[in-house]
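Colleague: Sharing a model prediction with you, sequence too.
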Amino acid sequence: MKERRIWGGILIVFGIVFLLSALDVIPFNIFELRGWWTVFIIAPALISISKQGITTGNMILFGIGVVLLLRELQIDLKGYLLPVAMILFG
C-alpha cells in the first residue's frame, strides 16, 4: 500500500511538471535534462527510505544525489544552504 502511494505521488509530480511545460509556464524538456545520471543515486535512496524509514545511510545517499544534481544543473547552493538546513532540522 505504501509503495502505491509513492508511485502515485511520483506520477502526479511528473504529470504536473509536464503539464506546466506544455503550458509554457516552466521551460522543461526531458531530452535536455542535465544530470539525469543522478537518478541512479537518488532513486535507491528513496526506495530505501520507503522500505526502511529514514536512516543515516539513506539520507546521506539522498543528500549526495541531490547535491550532485544541483551541481549539474548549475544551481548555486550557498544561498540555499541555511534555509534547507533549517527545514531539515525542523
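Modeller: Arrived safely, thanks for sending. Numbers count the residues shown, from 1 in each chain.
Colleague: Just want the most central residue of this protein.
Modeller: Centroid check for the chain by CA atoms, centre = their mean gives V66 as the closest residue, at 6.3 Å.
Colleague: The closest residue to that residue other than its chain neighbours sits in which helix or strand?
Modeller: Leaving aside its sequence neighbours, V66 sits nearest to I42 (CB to CB, 6 or more residues apart in numbering; 6.7 Å). Heads up, the C-betas are built off the backbone N, CA and C, glycines and all. Counting by DSSP states H and E, the element that carries I42 is helix 39-52.
Colleague: cool, and L68?
Modeller: Here L68 sits within helix 56-72, counting by DSSP H and E.
Colleague: do the same with E3
Modeller: E3 is located in helix 2-22, with elements delineated by DSSP H and E.
Colleague: list the helices and strands that helix packs on?
Modeller: Helix 2-22 sits against helix 39-52, with contacts defined as 3 or more CB pairs under 8 Å, 6 or more residues apart in numbering; DSSP states H and E.
Colleague: buried ones in stretch 50-70?
Modeller: Buried residues in stretch 50-70, counted by 16 or more other CB atoms under 10 Å: N58, L61, F62, G65, V66, L69.
Colleague: any low-confidence regions in this structure?
Modeller: For the chain, applying pLDDT under 70 flags the ranges 1-2, 28-33, 90.
Colleague: Could you check how far the residue sitting furthest away from the middle of it is from V17?
Modeller: Within the chain, the residue lying farthest from the chain centre (CA atoms, centre = their mean) is L23, at 22.4 Å. Noted for L23: a distance of 11 Å to V17, by CB to CB, to the nearest Å.
Colleague: Equivalent analysis for F89, please.
Modeller: With CB to CB as the criterion, F89 and V17 are 28 Å apart.
Colleague: The two: which is more packed in?
Modeller: Set F89 next to V17 and count neighbours by other CB atoms under 10 Å: V17 wins out with 14 against 6.
Colleague: P27 is in contact with the more buried one, correct?
Modeller: No - assessed by CB atoms under 8 Å, V17 is found out of contact with P27, at 11.2 Å.
Colleague: returning to that earlier point: mind checking how far the helix holding E3 is from the chain centre?
Modeller: The chain centroid and the centroid of helix 2-22 are separated by 12 Å under CA atoms, centre = their mean, to the nearest Å.
Colleague: Thanks a lot, catch you later.
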